[in-house]
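Participant: What follows is a predicted protein model with its sequence.
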Amino acid sequence: MQMLLILQVLAAAAVPAFAQITTFANIGCTGTTSVAPCDGSCHSFVGKNAFRVTAGSEHCVTAYADAACTSALFPNPNQDGNCEAIESGNPVLAVSCSPTNTC
């Protein structure tokens, strides 16, 4: 019983609570990066041009025209690890990554 509890604690510690979004300076997911959790919070996208979600399931990433994530430009559902360039024609100042595929 005690060994099972120890294994459960170790397994929980090894798995992050949320997937992560990594933003990149260059369109091909290269260059300067920033990493943030996919927990629905708002993250700066200034100086970034692409992103990748690291997860075992799909997530929704929403791009915003403002740094406070109040003026959504467009949602990007079904994000599951591919490099995605954001070329909207409008400045994208922030992004949020949902813990699910719901935008």
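Facilitator: Received it, and whenever you're ready, just let me know what you need. Residues are numbered from 1 along each chain as shown.
Participant: how close does Gly40 get to Gly28?
Facilitator: From Gly40 across to Gly28, the span is 27 Å (Cβ to Cβ, to the nearest Å). No exception for glycine: its C-beta is placed from N, CA and C like everyone else's.
Participant: Counting neighbours, go ahead and name the busier of those two.
Facilitator: Gly40 (15 against 10; other Cβ atoms under 10 Å).
Participant: That one against Cys97, yeah?
Facilitator: Yes: because the distance of 7.4 Å satisfies Cβ atoms under 8 Å, Gly40 is recorded as touching Cys97.
Participant: Is the residue nearest to Ile27 when sequence neighbours are not counted bridged to anything, and to what?
Facilitator: Once flanking residues are discounted, Ile27 sits nearest to Ala85: 4.2 Å by Cβ to Cβ, 6 or more residues apart in numbering. With DSSP bridges as the criterion, Ala85 is bridged to Ala50.
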